[in-house]
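Engineer: Generate a structure from the sequence data that follows.
(one chain, ligands or ions: 1)
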Amino acid sequence: MARILVTGGTGYIGSHTVVCLMEQGYDVTIVDNLSNSNREVLDGITSITGHRPDFVEADCQDRTAMEQVFTTYPDIQAVIHFAASKAVGESVEKPLLYYRNNVLSLLTVLETMQRHGVNNIVFSSSCTVYGQPDEAHLPVDETAPRQQALSPYGNTKQINEDILTDAAHADKALRVILLRYFNPIGAHPSAKIGELPNGVPNNLLPFVTQTAAGLRPMLRVFGDDYNTPDGSCIRDYIYVMDLAKAHVKAVDRLLAATASEQVEVFNLGTGRGLSVLEIVRTFIEVTGQNVPYEIVGRREGDIEQVWANPAKANRVLGWKADTPVADVLLSAWNWEKHIRGI
Ligand code: UFG
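Structural biologist: Numbers count the residues shown, from 1 in each chain. Predicted coordinates for the structure are as follows:
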């Protein structure tokens, strides 16, 4: 079976994807600098799959280290490039760090792939490239225009999409799949891997689970005066295991060489928008936990509402995100209980 290089493979989406790849019989090499994850994730993956993925602790910007990886594993047939910094707020404070990490990592990976004749890459992009789509583009499909990024983080996603597109234009052998994620949530059903936010979480779900666990006194809901049915923002929350499975489909497609275009783009979402308040109330209902919350002012830079039209991914990849949100929220809570020893 083919070997897949997964950069950022001990991270949140990366680790779940590694599990799915291994369960489909792929050999996996992970490269991660552990800047926002830890080695124990490898134990979780091993315990779930019964096999330990090969792991190289290295930064994707390190040309020598990346050269070494491709030399050690000449059977690598595709790369899934997750490795990146991902905190929107931090990227506003430290833009150079974000441009360096996210852009140089991709460049180094691509140059090394080229030297070793590896022609297939799946890239972690984000629905952030669409900004706030106008009404005609909701739910948003892949033909919706990209809009000026609201943060350096978002800009690195656009720049990296452009780098990949230009590289494919110049090198007709290169095959690229850009996956634009909506809002990934939840954890593996075993609760052996999940999301491990550093410090105070920025994202909604980890904040909800930490509040339910008593680590945070109160969830703040950022705004109830948006132009939405209950006034809170709407997102397309997708189960991380469903998202992970889409990566396996993308890799299968690259290796089967069935893509009709050199660069393909897929929106990965459920097709259903849920409000912040719907998420919080459903979480309380399915877990029976108390989550104290208060409505506060809007968070700067928040998009009012965005959710996916995933029809293209459904049709072309033969994939669908269909895990019920109740199960997804329970998986997030089970993971929080696991890491807190509750
Ligand atoms: N929210 C709260 N309280 C919190 C945290 C979040 O009310 O404590 C709200 C936000 O205001 C927003 C919704 O929950 O309305 C979702 O917020 P997240 O931070 O979880 O997710 P975002 O949609 O803002 O951001 C996500 C990713 C980013 C990415 C962006 C667009 O985290 O990396 O989607 O793709 F850039």
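Engineer: Tell me which stretches of this structure form helices.
Structural biologist: Assigned by DSSP state H, the chain shows helices spanning 12-23, 40-49, 63-72, 88-93, 95-98, 105-115, 152-170, 204-212, 240-256, 276-287, 311-312, 325-340.
Engineer: Go through these and name the closest to the ligand.
Structural biologist: helix 204-212 (3.6 Å; CB to the nearest ligand atom). Quick note: C-beta positions are derived from backbone N, CA and C, even for glycine.
Engineer: Does that closest one reach the ligand?
Structural biologist: Yes - using CB under 6 Å from any ligand atom, helix 204-212 reaches the ligand at Leu204, Phe207.
Engineer: now that helix against helix 12-23, angle please.
Structural biologist: 100 degrees (axes from the mean of the first three to the mean of the last three CA atoms, to 10 degrees).
Engineer: Which strands or helices does helix 204-212 pack on?
Structural biologist: For helix 204-212, the packing partners by 3 or more CB pairs under 8 Å, 6 or more residues apart in numbering; DSSP states H and E come out as strand 183-185, strand 219-222, helix 276-287, helix 325-340.
Engineer: Out of these, indicate the one that is most buried.
Structural biologist: Each of those was scored by mean neighbour count; the highest is strand 183-185, a mean of 23, by mean count of other CB atoms under 10 Å.
Engineer: Contacts for that strand, please.
Structural biologist: 12-13, 203-205, 235-240, 243, 328-329, 332 (CB atoms under 8 Å, 6 or more residues apart in numbering).
Engineer: picking that back up, including distance to the ligand and mean pLDDT, could the helices and strands packed on helix 204-212 go into CSV?
Structural biologist: Output for those, formatted as CSV (distance: least, CB to the nearest ligand atom, whole Å; pLDDT from 0 to 100):
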stretch, distance to the ligand, mean pLDDT
strand 183-185, 5, 98
strand 219-222, 4, 98
helix 276-287, 5, 98
helix 325-340, 12, 98
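Engineer: So for stretch 232-250, first residue to last residue, what's the gap.
Structural biologist: 33 Å (CA to CA, to the nearest Å).
Engineer: cool, and stretch 75-84?
Structural biologist: 24 Å.
Engineer: What residues does the stretch 1-150 of the chain have near the ligand?
Structural biologist: Lys86, Val88, Ser126, Cys127, Thr128.
Engineer: Buried only: go through those residues for me.
Structural biologist: Lys86, Val88, Ser126, Cys127, Thr128 (16 or more other CB atoms under 10 Å).
Engineer: Give me the spatial nearest neighbour of the third one, chain neighbours excluded.
Structural biologist: The one in question is Ser126. The shortest distance from Ser126 to any non-neighbouring residue, by CB to CB, 6 or more residues apart in numbering, is to Lys157 (5.0 Å).
Engineer: wait, doesn't that neighbour sit right on Val129?
Structural biologist: Yes - between Lys157 and Val129 there is a contact at 5.7 Å, judged by CB atoms under 8 Å.
Engineer: Which other helices and strands does the lowest-mean-pLDDT helix or strand in the chain contact?
Structural biologist: Least confident element among the helices and strands of the chain, by mean pLDDT, DSSP states H and E: helix 88-93 (a mean of 94). Contacts defined by 3+ CB pairs under 8 Å, 6+ apart place helix 88-93 against helix 95-98, helix 152-170.
Engineer: what residues does it touch?
Structural biologist: So helix 88-93 is contacted by Ser85, Leu97, Tyr98, Thr128, Leu150, Ser151, Pro152, Tyr153, Gly154, Thr156, Asn202, Gly301 (CB under 8 Å, 6+ apart).
Engineer: Please identify the deepest-packed of the helices of the chain.
Structural biologist: helix 12-23 (a mean of 25).
Engineer: what's the spacing between that helix and its chain's center?
Structural biologist: Centroid separation for helix 12-23 versus its chain: 11 Å, with CA atoms, centre = their mean, to the nearest Å.
Engineer: ok, so what distance separates Leu205 from Trp333?
Structural biologist: Using CB to CB, to the nearest Å, Leu205 is found at 10 Å from Trp333.
Engineer: What about the spatially closest residue to Met1 that is not a sequence neighbour, how many residues nearby?
Structural biologist: Nearest residue to Met1, sequence neighbours excluded (CB to CB, 6+ apart): Gly25, at 4.7 Å. Neighbour count of Gly25, defined by other CB atoms under 10 Å: 8.
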